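Q: when you get a sec, could you give me coordinates for this:
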Amino acid sequence: MGDRCVGQGALMLLLSALLSLLLATCGSEALVVSARNPKNFIAAADQEEDNLLNKITLTQKNYIQFIKYLIEVPRLPSFTFCLWMKSLNMTNPQPIFSYSRDEKERYARVWISPPGSGADGGADEGEVSGAAHINLRIHEEPVASVPIPDMRVGRWHHTCLHWTSGMDAEQGMWLLFFDGGLRGKAVYSAKGDPEAVLPAGGEVAVGQELTDFDQGLDDGFEGELFGFNLATGPWEGLGKTLYETSYNQCTLRGGGSPPATDGKSTLLVDWAKTPIRAYGGLLVSPAKASCGNF
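A: Numbers count the residues shown, from 1 in each chain. The predicted model follows:
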C-alpha cells in the first residue's frame, strides 16, 4: 500500500511538472496561421466572419512579446513596409520592424525613440527635441531619424517607410510617410551601394528587436498593431501601391492587402495571409471595421 501511494505521488509530481512546462511554453510562444480571424472568434454583426482580420496587442509583461514571419526572405536591394499602430507607452524605445539573422546580425531596423530622446535616440535637437522620432538603420548605420511631433499615446497612427540601396533603382533613397503625409526623404547614393543590399536568409519581426533579448523587457512595442505588409522592389510600383492601399483605402474586406506582384516587386508579407509565430502570450483579437480605429 505504501509503495502504491509513493508511486501515485511520483506520478502526480511528474504530471504537475509537465503541465507547468506546457503552460510556460504556451505563454512564451504560440503559432498563429495568419492574421485572418480564426473560426473560434465571433465576428461583429456588420462583418462577414471570413473577411474579418485581426489586430495584435502587446504588453511586454512577463514575457518578451513580438511576432515573427514564417517566410524565406530573398536578397533585398529595397523594401517598403506599412502598418497601423497605437502605442500605449512612449517612455521606452518602441521597435516596429526588424530584419536580422541568428539573433546577432542586424541588417535593418526601424523604431520609435521616445519624446525628449532626440534623433536616433541621441541627444535632444533644438525645436524638435520634445518630439518622438522614427529611426531607420541599415547594417547598423544611421540612415534616417525623422521627428514626429504629432505622435500621441493611445491614438492610432499609420506609417509607411521605403528604402532602396539604389541597386534596383536610379539612386539610393528613403521615404517616410506618417498619417498620410510625406514626413521625410533623402537621396544618399547617386549610383547605388551594393554593400547596402540586405542579404537573404534573415528573419522579419514586428514589435521587438530580435538582437535585444539580453536587454530586458523595456525595449519592446507596447500597444496595438494592425495591417503590417512588406513589399520588395522599387517605390514606383508595388511600394507606392502598398502605401495607397494601406492608408487611403484601408480595406478590411477582401484581404486588406495589395496585389501580390507588379512584375518588378513582390508582396513578401501579407497581413491577411502570411503565417506568423507569436511569442510571449500576446493577444490576437478581431479588428473593428473602422479605418483608423481598429
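
Q: how about the helices in this protein?
A: Counting by DSSP state H, the chain has helices at residues 2-28, 240-243.

Q: and these, which one averages the lowest pLDDT?
A: Mean pLDDT is lowest for helix 2-28 out of the helices of the chain, coming in at a mean of 42.

Q: so where's the protein shaky on pLDDT?
A: 1-52, 118-129, 168-170, 189-191, 212-218, 249-257, 259-262 (pLDDT under 70).

Q: how is it divided into domains?
A: 1-30, 33-286 (automatic domain parsing).

Q: measure how buried residue 156 is and give me the count.
A: 19 (other C-beta atoms under 10 Å). No exception for glycine: its C-beta is placed from N, CA and C like everyone else's.

Q: which non-adjacent residue is nearest it?
A: Distances taken as C-beta to C-beta, 6 or more residues apart in numbering place residue 86 nearest to residue 156, at 4.7 Å, with adjacent residues excluded.

Q: what does residue 146 give?
A: Residue 146's closest residue in space is residue 184 (C-beta to C-beta, 6+ apart), at 3.9 Å.

Q: pretty sure that neighbour is touching residue 144, no?
A: Yes. Under the criterion of C-beta atoms under 8 Å, residue 184 makes contact with residue 144 at 6.2 Å.

Q: and those two? which has more neighbours close in?
A: Higher neighbour count among residue 184 and residue 144: residue 144, with 23 against 18, using other C-beta under 10 Å.

Q: how far away is that one from residue 161?
A: 8 Å (C-beta to C-beta, to the nearest Å).

Q: find residues that contact each of these two.
A: Common contacts of residue 144 and residue 161, defined by C-beta atoms under 8 Å, 6 or more residues apart in numbering, comprise 134, 136, 174, 176.

Q: ok, of these, which one's closest to residue 70?
A: Relative to residue 70, the closest of those is residue 136; by C-beta to C-beta it sits at 24.5 Å.

Q: tally of neighbours for residue 174?
A: Count around residue 174 with other C-beta under 10 Å applied: 20.

Q: the nearest residue to it once chain neighbours are set aside pairs with what?
A: Among residues not flanking residue 174 along the chain, residue 163 sits closest, at 4.7 Å (C-beta to C-beta, 6+ apart). Note on residue 163: beta-bridge partners by DSSP bridges are residue 79, residue 174.

Q: mind listing the strands for the stretch 151-294 of the chain?
A: All strands of the stretch 151-294 of the chain, identified by DSSP state E, counting those that start in this stretch, fall at 157-164, 172-178, 181-189, 203-206, 223-232, 267-269, 276-279, 283-286.

Q: keeping just the C-alphas, turn the third one into CSV.
A: Written as CSV, here are the backbone C-alpha positions of strand 181-189 (Å, rounded to 0.1, in the frame of the first residue of the first chain):
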residue,chain,number,x,y,z
GLY,A,181,1.8,62.8,-45.4
LEU,A,182,5.4,62.7,-46.5
ARG,A,183,7.4,63.5,-43.4
GLY,A,184,10.9,62.9,-44.7
LYS,A,185,13.0,61.8,-47.7
ALA,A,186,16.6,61.8,-48.8
VAL,A,187,18.9,60.6,-51.5
TYR,A,188,22.1,59.2,-50.0
SER,A,189,23.6,57.4,-53.0
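
Q: just the angle for that strand relative to strand 172-178, thanks.
A: Interaxial angle of strand 181-189 relative to strand 172-178 (axes from the mean of the first three to the mean of the last three C-alpha atoms, to 10 degrees): 170 degrees.

Q: quick one: strands adjacent to strand 181-189?
A: Strand 181-189 has these strand partners (DSSP bridges): strand 172-178 (antiparallel).

Q: so what touches the partner strand?
A: The list of residues contacting strand 172-178 from outside it, by C-beta under 8 Å, 6+ apart, reads 82, 134, 136, 143-144, 146, 148, 151, 157-166, 182-190, 192-193, 196, 235, 243, 247.

Q: export that strand as CSV, just CAs?
A: Provided in CSV are the C-alpha atoms of strand 172-178 (Å, rounded to 0.1, in the frame of the first residue of the first chain):
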residue,chain,number,x,y,z
GLY,A,172,19.7,55.1,-53.2
MET,A,173,16.9,56.8,-51.2
TRP,A,174,14.4,56.6,-48.4
LEU,A,175,10.9,57.9,-47.9
LEU,A,176,8.8,58.1,-44.7
PHE,A,177,5.1,58.7,-44.6
PHE,A,178,3.1,59.3,-41.4
